[in-house]
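Student: I'd like to go over a predicted model; first the sequence, then the structure.
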Amino acid sequence: MRMQAYQFISLPRLFSSGLVVYCWTRAGYQEVSFKKVGGMTGLQRAIAKYKRKHPRAKDEPKRKRKPNKFRARRCRCLLGHVHDSGLEAGHCVVIHDMLKHKEIRAVERQVKFPLIGGVSHYPDFLITHLDGSREVIESKGLATQAWVVKMKTFKAIYPDIKYTVWRR
């Protein structure tokens, strides 16, 4: 018997008979239940097994993440992509809406553009318009000196690609 790969859609609900989760399977959207065996469901057993294999020292304190100096937090847009800021996530939704309405041909995220001296620039979005022209879109809340230098270098090396900055 092969194990099916599940993509969970809802939070698990625990019943006396077991655990029930709505998820996508190869067969489509369905309710999947994990039966209790020995007081635990299969999913609970898998979680317990992982915790046993990867123990954390009891005296080790939880590490707090260092906050971003611009207070930008990683977040997901409505499409499920992970972005470096909420502003970028909002722009992603707008750009994909343009794609959905056939206003643009294609969109790529975080494309690498090599610059001078081994430095690379990763703009937020690269859009291909219907006429084949390309445009880079950068979401910026605060323009730093390093970014300004990269932008000017980018414009000098890639003059055929339009560079647009979307601000708050």
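Tutor: Nice, thanks for sending it over.
Student: Going by neighbour count, which residues of stretch 128-141 are buried?
Tutor: Residues of stretch 128-141 classed as buried by neighbour count (16 or more other CB atoms under 10 Å): 134, 136, 137, 138, 139, 140. Just so you know, the C-beta spots here come from the backbone N, C-alpha and C atoms, and that holds for glycine as well.
Student: Do me a favour and get the end-to-end distance for it?
Tutor: 24 Å (CA to CA, to the nearest Å).
Student: quick one: average confidence on it?
Tutor: Confidence for stretch 128-141, expressed as mean pLDDT, is 94.
Student: Which neighbouring elements make contact with the longest helix seen in the chain?
Tutor: Scanning the chain for the longest helix, with DSSP state H as the assignment, gives helix 86-100. The contact analysis (3 or more CB pairs under 8 Å, 6 or more residues apart in numbering; DSSP states H and E) places helix 86-100 against strand 75-76, strand 104-109, strand 125-129, strand 134-140.
Student: Mind giving me the packing neighbours of the next helix or strand after the longest one?
Tutor: Tracing the chain past strand 134-140, the next element assigned as helix or strand by DSSP states H and E is helix 145-157. Applying 3+ CB pairs under 8 Å, 6+ apart, we find helix 145-157 packed against strand 120-121, strand 134-140, strand 162-167.
Student: could you redo the last one with a cut-off of 7 Å?
Tutor: Packing partners of helix 145-157 (3 or more CB pairs under 7 Å, 6 or more residues apart in numbering; DSSP states H and E): strand 162-167.
Student: Residues contacting the strand it packs on, please?
Tutor: Here strand 162-167 makes contact (CB atoms under 7 Å, 6 or more residues apart in numbering) with 91, 135, 136, 137, 138, 139, 140, 151, 154, 155.
Student: which parts of that strand are buried?
Tutor: residue 166.
Student: Please export the C-alpha coordinates of it as CSV.
Tutor: What follows is strand 162-167, C-alpha atoms only, in CSV (Å, rounded to 0.1, in the frame of the first residue of the first chain):
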residue,chain,number,x,y,z
LYS,A,162,12.1,49.5,-18.4
TYR,A,163,12.7,50.0,-14.7
THR,A,164,9.6,51.1,-12.7
VAL,A,165,9.5,51.7,-8.9
TRP,A,166,6.1,51.3,-7.1
ARG,A,167,6.1,53.1,-3.8
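Student: I appreciate the help and will end here.
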